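> could you work out the structure for the sequence below:
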Amino acid sequence: MDILLVASAFNSLSQRVFAELSDEGHHVDVVLASHGPDAVRAAVRETGPELIVAPMLKSALPEDVWREHTCLIVHPGPPGDRGPSSLDWAIAEEASEWGVTVLQAEAAMDAGDVWADTTFTVPPTGKSDLYRNEVADAATAAVLLAVRRYADGSYKPRPQSEPGIHVVWRDFFRQEQRRIDWESDDTATVLRKLRGADSQPGVRDEICGREVFLHGGHPEDRLRGEPGELLATRAGALCRATRDGAVWIPELRPRKSSGDPAPFRRPAASVLAGFPAPPGSGPGMPGAQDRPYWLPEIAAPLELPPDRTTWTDIRYRQRGPLGFLTFSFPGGAMSTTHCRRLLAAWRYALTRPTSVLVLGGARDFFSNGIHLSVIEASSDPAVESWANLNAMNDLVEAVLRTTDRLVVAALGGNAAAGGVMLALAADEVWCRTGSVLNPHYRNMGLYGSEYWTYSLPRRVGAETAERLTTEALPVSAATAGRIGLVDRLVPAAPQEFAAEVERLAADLAGDPDLPRRITAKATARHADELQRPLAEYRRVELARMRAVFDDPGAPYHALRSAFVRKLPNGSARPLATGGAQ
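Residues are numbered from 1 along each chain as shown. Okay, here's the model as predicted:
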């Protein structure tokens, strides 16, 4: 069937729906609603779709479009739920179960007949994590069911006036409802508010006399202070005291009206570094540009004791012959500092006596490569791009050169660009069935690096590698498994992924054939090095990338800035075309 996706952004859910509909054999086109109603009308005329699906829509479809075509809207709430802030209310009201509804577009918002709906359990996690995982699982299942029902032609969608459907209108969730009262709110309340706005829109607050938005929140088990007091930094995050404890806030976003040249979400400590020190803070240790000198940097041990609940973004854990190096960076972005810290952790993991080393394994993003926000905020984006890319290459090379044990990359969530290549450096790639991979760099105007010219063709072949990097389309986990990009699909719920990976890793460590595989791996790496050294792959890739970074007129700079600052970008494709893969 010819299907047109209409989306306000080609985000994680839109990409997943696109990829899985393509897997089902449908021909799928995509038009961005952000390009305006005329662009949507033009796409409808050009593609002549049999069905229109809107997986993520912030504006109404043109009336002439939904009156003339069947249009299915994905609403992140159960049947009867209406309004623009469904997930925000679910988190604020601590719903234990929520749902997704696929309904037909009509004049009233979210009031159309129901084609399909699914439910899911709500874990204690951030809204964006919830959206990319439990919501995406439920939404994709509901869309596929709705499309099958539409194609069959015999299904009659249910009107929301049916008995058993309770209609509830939920207003837009405003900043007044998100506001944190540091004197009165306990830690659980603060965390709920922070997690309910972790990606967008953030929680508006004031720090050092400046208005900022707080993004993300994690509990701290030991540090304490006066409510609202800034206590410490750690790996770019900020620790702030609550009435009965403290929380870690990974990212801040200055208000656009603040005059800050980088009014977008980025590591909290780097934002705070640009603020004046509060009165009485003392001389401290001036000189650090990525953190406030007047707060202590308190590191967490890489091997965190089991009784600790403090936040850290990189952890190592060992269980007999198994090593687990987990990491979780906001948005999957890895700055120069992130890469260097993860490389140091990798080197530590290699000192431990293990035969299987698992990289990743947490829920949500694996990695999306270099950190575009940190690059955009730097005084010289070209220089920072180069530093970040080299740090990423150093990390990937370290994984590629690990020959004394078997390495597994465990992808609990999505990966893109250099993040995919980091995974491909491992001996085996295990991927949760709900993940989406984007093994390309083209949409950011880049040739790519991280040894992709070595890792990608050796897995999928030169022809498929060329297609993946030039078409620049998302790949479902199922397709990734079929073409050899992924070795094992893990059909687990997001909350169950880590435990299932540990079980599978234990089986691998107990395989009598493991010593032979490790020996063969070392032999193969040596043969590959003799044929063409890794240094040569790196040299060629980096030469292409350096030319882009050093060219102020290269599209990369405008694309990066538009992406980070959420600006319209005239060079972005309004229509993506795909098909069955």
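> my read: residue 169 touches residue 83, true?
Yes: between residue 169 and residue 83 there is a contact at 5.6 Å, judged by Cβ atoms under 8 Å. For the C-beta atoms, the positions are set from N, CA and C on the backbone; glycine is no exception.
> which of these two has more residues huddled nearby?
residue 83 (17 against 11; other Cβ atoms under 10 Å).
> contact partners for the more buried one?
Residues in contact with residue 83 (Cβ atoms under 8 Å, 6 or more residues apart in numbering) are 77, 89, 109, 110, 169, 170, 171, 172.
> and it, how far from residue 192?
From residue 83 across to residue 192, the span is 19 Å (Cβ to Cβ, to the nearest Å).
> try residue 274
Relative to residue 192, residue 274 is positioned 29 Å away (criterion: Cβ to Cβ).
> comparing those two, which residue is more hemmed in?
Neighbours per residue (other Cβ under 10 Å) separate residue 274 from residue 192, with residue 192 holding more: 18 against 15.
> in the stretch 451-581 of the chain, which spans are helices?
Under the criterion DSSP state H, counting those that start in this stretch, the stretch 451-581 of the chain contains helices at 452-460, 462-471, 477-483, 497-509, 514-531, 534-549, 555-565.
> and residue 419, which of the three is it?
Classification of residue 419 using DSSP: H, G, I helix; E, B strand; the rest coil returns helix.
> make sure it is actually in contact with residue 338.
No: with contacts counted by Cβ under 8 Å, residue 419 stays clear of residue 338, the gap being 11.4 Å.
> so which strand or helix has residue 339?
In this assignment (DSSP states H and E), residue 339 forms part of helix 336-350.
> burial check on residue 239, number of neighbours?
For residue 239, the neighbour count with other Cβ under 10 Å is 24.
> tell me the buried residues in the helix or strand harbouring residue 38?
Using DSSP H and E, residue 38 maps to helix 37-47. By neighbour count with 16 or more other Cβ atoms under 10 Å, helix 37-47 contains the buried residues 39, 40, 43, 44, 47.
> ok, now stretch 31-38?
Quick answer for stretch 31-38 (16+ other Cβ under 10 Å): 31, 32, 33, 34, 35.
> same question for it, mean pLDDT?
Mean pLDDT, stretch 31-38: 95.
> what's the first-to-last distance across that stretch?
11 Å (Cα to Cα, to the nearest Å).
> contact partners of it?
Residues from elsewhere that reach stretch 31-38 (Cβ under 8 Å, 6+ apart): 4-10, 39-40, 42-43, 54, 57-59, 61-62, 568, 572, 574-575.
> again with stretch 132-146
Against stretch 132-146 from outside (Cβ under 8 Å, 6+ apart): 12-13, 16-17, 20-21, 24, 53, 55, 72, 74, 76, 87, 98-102, 115-123, 363-365, 413-414, 434, 493-494.
> in helices, which of the residues you listed fall?
12, 13, 16, 17, 20, 21, 87 (DSSP state H).
> how about these, which pair is most distant?
21 and 87 (22.9 Å; Cβ to Cβ).
> which one of those two has more residues nearby?
Using other Cβ under 10 Å as the criterion, residue 21 and residue 87 rank with residue 21 on top: 25 against 19.
> and the more buried one, how far is that from residue 565?
From residue 21 to residue 565 the distance is 31 Å (Cβ to Cβ).
> residue 549 reaches residue 560, doesn't it?
No: the criterion here is Cβ under 8 Å, and residue 549 misses it with residue 560 at 10.4 Å.
> and the residue lying closest to residue 564 once chain neighbours are set aside, which helix or strand is it part of?
With sequence-adjacent residues excluded and distances taken as Cβ to Cβ, 6 or more residues apart in numbering, residue 564 is closest to residue 376, at 4.4 Å. Using DSSP H and E, residue 376 sits within helix 372-377.
> who are the packing partners of that helix?
Packed against helix 372-377 by the contact rule (3 or more Cβ pairs under 8 Å, 6 or more residues apart in numbering; DSSP states H and E) you find strand 266-267, helix 381-400, helix 555-565.
> give me the mean pLDDT for the shortest one.
To tie it back to what came earlier, the one meant is strand 266-267. Strand 266-267 comes out at a mean pLDDT of 96.
> could you do the longest one as well?
Mean per-residue pLDDT for helix 381-400: 98.
> other SSEs contacting that helix?
helix 336-350, helix 372-377, helix 418-424, helix 534-549, helix 555-565.
> the last one too?
Contact here means 3+ Cβ pairs under 8 Å, 6+ apart; on that basis helix 555-565 packs against helix 372-377, helix 381-400.
> now that helix: average pLDDT?
In this model, helix 555-565 carries a mean pLDDT of 97.
> hmm, who's touching that helix?
263-264, 372-373, 375-376, 381-382, 385, 443-446, 548-549, 567-569, 571-572.
> mind redoing it with 6 Å?
Under the criterion Cβ atoms under 6 Å, 6 or more residues apart in numbering, residues 264, 372, 373, 376, 444, 445, 446, 548, 569 lie in contact with helix 555-565.
> what is the burial count for residue 183?
Residues lying near residue 183 (other Cβ under 10 Å) number 10.
> oops, could you answer that again for residue 487 instead?
By the criterion of other Cβ under 10 Å, residue 487 has 16 neighbours.
> now swap in the one 5 residues further on and tell me
Burial measure for residue 492: 19 neighbouring residues, criterion other Cβ under 10 Å.
> nearest spatial neighbour of it, skipping sequence neighbours?
Nearest residue to residue 492, sequence neighbours excluded (Cβ to Cβ, 6+ apart): residue 500, at 4.4 Å.
> what about the one you found, neighbour count?
So residue 500, with other Cβ under 10 Å, has 18 neighbours.
> adding distance to residue 213, write the helices of the stretch 451-581 of the chain out as TSV.
Formatted as TSV, the helices of the stretch 451-581 of the chain follow (distance: least, Cβ to Cβ, whole Å):
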stretch	distance to residue 213
helix 452-460	35
helix 462-471	36
helix 477-483	33
helix 497-509	30
helix 514-531	46
helix 534-549	30
helix 555-565	14
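> residue 391 is nearest to which of those helices?
Among these, helix 534-549 sits nearest to residue 391 (Cβ to Cβ), with 12.3 Å.
> quick one: which of the contacts of helix 555-565 is nearest residue 401?
Closest to residue 401, out of all of the contacts of helix 555-565 and judged by Cβ to Cβ, is residue 446, at 24.3 Å.
> count residues in the vicinity of the nearest residue to that closest one once chain neighbours are set aside, would you?
Nearest non-adjacent residue to residue 446, counting by Cβ to Cβ, 6+ apart: residue 556, 5.7 Å away. Using other Cβ under 10 Å, residue 556 is surrounded by 21 other residues.
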